[in-house]
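A.B. asks: Sequence first, predicted model second:
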Amino acid sequence: MSSALRVAKNEDLFRRVNEQILELEEGAGDRDRLCEFICECSKLGCSTTVRVNLEEYRGVRREPTHFLVIHDHVDPNYEQIVTVTERFTVVQKVGLAGEIAEQEAE
């Protein structure tokens, strides 16, 4: 398996977990509360959490190539920084990793 494919599959797994977290948190009703999402980085075994509110996470999800990561988990081999906040970074997957992210979103 190529590195780009491994990276994309790993990130897709984290994204699927976060989608479940989003569904559960939406049921709680407090849209402004900071929730714990999983870092959607390419690092194998990462289980770091990122604190964002539901609107922030939905904003990341609007673009299939955008992922939520902690600041020092940006991988310049596969992604470009889109946004940096006090609590998190949003990256865009590029190249093969970006193509796979778009395909997985369909």
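C.D. replies: Noted; the coordinates are in hand.

A.B. asks: which residues sit in contact with Gln92?
C.D. replies: 63, 65-67, 79-80, 82, 98 (Cβ atoms under 8 Å, 6 or more residues apart in numbering). All C-beta atoms are positioned from the backbone trio N, CA, C, and that covers glycine.

A.B. asks: In CSV, list the C-alpha atoms belonging to stretch 45-54.
C.D. replies: What follows is stretch 45-54, C-alpha atoms only, in CSV (Å, rounded to 0.1, in the frame of the first residue of the first chain):
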residue,chain,number,x,y,z
GLY,A,45,-2.0,5.4,16.3
CYS,A,46,-2.9,9.1,17.0
SER,A,47,-5.7,9.4,19.5
THR,A,48,-5.3,13.0,20.3
THR,A,49,-8.5,15.0,20.7
VAL,A,50,-9.3,18.4,19.3
ARG,A,51,-11.8,20.7,21.0
VAL,A,52,-14.2,22.4,18.5
ASN,A,53,-17.8,23.3,18.5
LEU,A,54,-20.3,21.7,16.1
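
A.B. asks: how far out from the middle of the chain is it?
C.D. replies: 9 Å (Cα atoms, centre = their mean, to the nearest Å).

A.B. asks: Let's see if you can find the most crowded of the contacts of Gln92.
C.D. replies: Phe67 (29 neighbours; other Cβ atoms under 10 Å).
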